[in-house]
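here is a sequence together with a model predicted from it:
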Amino acid sequence: MTRDRPTLSVIGGGLGAGKSTLIAGLLARPDMAKTGVVVNEFGAFGVDDLLLSAAAPRTSLALLQNGCICCRPGNDLSEVVRNMITAAETPLRRILVETSGVADLSAVIARIGADHALRALVRLDAAVAVVDATAPDDARPEHLAAADRIVLSKTDLVPASRAEEIRRNLAGMNPTAPLFDAAALPGPEELFNAGLIDSATGAVQPNRWLRATGTVHVHDKDAIRSWVIEFAPQRWTVLTEQIARMSRAAGSALLRLKGIVVDRDDPRPLAIQMVRDQIYRPVRLTPETGGGVSRIVVIARAPAAPAIEAFAARLGAAPVHHKE
Ligand SMILES: Nc1nc2c(ncn2[C@@H]2O[C@H](COP(=O)(O)OP(=O)(O)OP(=O)(O)O)[C@@H](O)[C@H]2O)c(=O)[nH]1
């Protein structure tokens with residue numbers, strides 16, 4: 001089955017992290033043809049769009065100025081995307097949205113997820129967080145938690161041992177996101193098609209979507225923690241109540257939840273996903289998916305720890321504390 005609508009991926013990262021450089025490098029590749037780019041600038045003047053149009057003059061490019069997508073009123077992103085799709089000479093295959101350097105990637109993803117007009121136009125794909133190796137602490141936990149892929153830029157400007165330390169920290173903060181070096185020029189095969197559904201074939205790809213394994217495997221950093229919780233099959237109705245209870249108790253400290261769970265009442269496991277308090281519609285998978293074990297990854301700020309550990313305990317998952 002060929003998929004019709006273009007995919008939409010979001011490239012986020014702090015000011016000057018290397019978002020435009022990554023996108024310009026991607027656009028130079030022949031396998032990135034039929035890509036449109038929307039650049040969101042916080043201020044009234046865009047520079048990134050000029051750099052990108054110089055790097056890839058034939059790319060459909062649109063600028064969204066004056067405020068971050070995540071907090072500006074209205075849904076002008078969907079208007080821009082609609083115009084871009086309509087105006088394209090050949091049908092677009094994918095659209096990249098470069099967030100402003102001050103945007104919060106998780107808020108952008110939550111906003112896009114709630115935008116029904118936009119979701120009718122595109123299929124959501126990857127959230128890519130660019131982290132600057134010279135200022136890794138600028139990468140906000142929300143960016144990292146929301147990311148499906150993380151790209152570490154400017155590794156040429158730090159000692160190799162420092163880059164390795166940053167990689168280890170990033171892997172601990174978001175164990176589900178594959179990590180790439182910008183210097184290695186990761187391509188579309190690695191960065192995109194991160195969703196549960198393969199964008200080319202329509203097939204379900206659970207292993208590409210959820211990579212982490214554990215029992216209750218806790219990666220522990222000061223600002224952000226991740227838990228990989230494995231547990232025996234539950235009734236879906238019971239599990240949704242447990243998730244809602246945990247989410248209420250964790251409040252805004254809960255950044256991301258993603259998992260594949262076995263439903264005691266249905267042979268087809270469910271893929272579930274939350275970004276902050278935004279719950280995405282669960283997707284039923286084929287019965288053989290997931291190997292009979294439920295696995296949920298939760299990424300949160302430290303204050304959510306008691307709520308998440310109580311949640312894991314109620315599911316009967318044994319904690320394995322693993323301090324990185
Ligand atoms: N040495 C080195 N410089 C880089 C790398 N990536 C980006 N830069 C430089 O860092 C600066 C900022 O890069 P951009 O790609 O414009 O960053 P950005 O995230 O788009 O920036 P804003 O949109 O302004 O937030 C530019 O001068 C780039 O040339 C890298 O991997 N190594």
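Yep, that arrived. Keep in mind that what you see is a predicted model, and the values were worked out from it rather than measured.

please count neighbours and contacts with C-alpha atoms only from this point.
Will do.

which of the helices or strands spans the nearest residue to Leu63 once chain neighbours are set aside?
In space, and not counting its chain neighbours, Leu63 is closest to Val39: 4.9 Å by Cα to Cα, 6 or more residues apart in numbering. Using DSSP states H and E, Val39 sits within strand 35-40.

in that strand, what's buried?
Thr35, Gly36, Val37, Val38, Val39, Asn40 (16 or more other Cα atoms under 10 Å).

just checking, what packs against that strand?
Strand 35-40 is packed against strand 60-64, helix 76-87, strand 94-98, with contacts defined by 3 or more Cα pairs under 8 Å, 6 or more residues apart in numbering; DSSP states H and E.

how far away is the residue nearest to Leu63 from Ser100?
Per Cα to Cα, to the nearest Å, Val39 is found 8 Å from Ser100.

can I see the domain layout of this protein?
Following automatic domain parsing, one gets these domains for the chain: 7-191, 206-323.

turn these into JSON lines, columns for distance to the ligand and mean pLDDT.
Output for those, formatted as JSON lines (distance: least, Cα to the nearest ligand atom, whole Å; pLDDT from 0 to 100):
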{"stretch": "domain 7-191", "distance to the ligand": "3", "mean pLDDT": "87"}
{"stretch": "domain 206-323", "distance to the ligand": "22", "mean pLDDT": "82"}
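
now distance to Ala200 too, for those domains, in TSV please.
Formatted as TSV, the domains of the chain follow (distance: least, Cα to Cα, whole Å):
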stretch	distance to Ala200
domain 7-191	10
domain 206-323	14
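
quick revisit: direction included, what does the strand holding Val39 pair against?
Partners of strand 35-40 in the sheet, by DSSP bridges, are strand 60-64 (parallel), strand 94-98 (parallel).

what residues does that strand touch?
27, 48-49, 59-65, 67-69, 80-81, 84, 92-100 (Cα atoms under 8 Å, 6 or more residues apart in numbering).

how far away from the center of its chain is it?
17 Å (Cα atoms, centre = their mean, to the nearest Å).

count the neighbours of Ala304 for me.
Per other Cα atoms under 10 Å, the neighbour tally for Ala304 reads 21.

contacting residues around it?
Taking Cα under 8 Å, 6+ apart as the criterion, Ala304 is in contact with Ala249, Ala250, Gly251, Ala253, Leu254.

and with 7 Å instead?
Counting by Cα atoms under 7 Å, 6 or more residues apart in numbering, Ala304 touches Ala250, Ala253, Leu254.

now go through these and say which are in strands.
Mapping the contacts of Ala304 onto strands (DSSP state E) picks out Leu254.

ranking by neighbours, what's the top pick from the contacts of Ala304?
Leu254 (29 neighbours).

hey, which of the helices and strands packed on strand 35-40 is tucked in deepest?
Highest mean neighbour count among the helices and strands packed on strand 35-40 (mean count of other Cα atoms under 10 Å): strand 94-98, with a mean of 24.

what angle sits between that one and helix 76-87?
Per axes from the mean of the first three to the mean of the last three Cα atoms, to 10 degrees, the angle that strand 94-98 makes with helix 76-87 is 140 degrees.

packing partners for the helix or strand following strand 94-98?
Next helix or strand after strand 94-98 toward the C-terminus (DSSP H and E): helix 105-113. Applying 3 or more Cα pairs under 7 Å, 6 or more residues apart in numbering; DSSP states H and E, one finds that helix 105-113 makes contact with helix 141-146.

CA atoms of the helix it packs on as CSV?
Below are the C-alpha coordinates for helix 141-146, written out as CSV (Å, rounded to 0.1, in the frame of the first residue of the first chain):
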residue,chain,number,x,y,z
PRO,A,141,14.1,18.0,29.4
GLU,A,142,10.9,18.6,27.4
HIS,A,143,12.9,18.6,24.1
LEU,A,144,14.6,15.4,25.0
ALA,A,145,11.5,13.6,26.3
ALA,A,146,9.5,14.4,23.2
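
beta partners of Ala129?
Legend: beta-bridge partners of Ala129 under DSSP bridges are Gly12, Ile150.

Ile11 is in contact with that one, correct?
Yes. Counting by Cα atoms under 7 Å, Ile11 is a contact partner of Ala129 at 6.0 Å.

before we move on, the earlier item: can you redo the helices and strands packed on strand 35-40 as TSV with distance to Phe231?
Formatted as TSV, those follow (distance: least, Cα to Cα, whole Å):
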stretch	distance to Phe231
strand 60-64	44
helix 76-87	39
strand 94-98	36
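
for Arg111, find the nearest of these.
Closest to Arg111 of the helices and strands packed on strand 35-40 is helix 76-87 (Cα to Cα; 10.2 Å).

list of residues touching the closest one?
Ser60, Leu92, Ala117, Leu118, Leu121.

tally of neighbours for Arg149?
Arg149: 22 surrounding residues under other Cα under 10 Å.

convert the helix or strand in which Glu189 is found to PDB, retaining C-alpha atoms only.
Element membership of Glu189, judged by DSSP H and E, is helix 188-191. Provided in PDB are the C-alpha atoms of helix 188-191 (Å, rounded to 0.1, in the frame of the first residue of the first chain):
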ATOM      1  CA  PRO A 188      16.200  10.300   6.100                       C
ATOM      2  CA  GLU A 189      16.200   6.500   6.600                       C
ATOM      3  CA  GLU A 190      17.600   7.000  10.100                       C
ATOM      4  CA  LEU A 191      15.900  10.200  11.100                       C
END
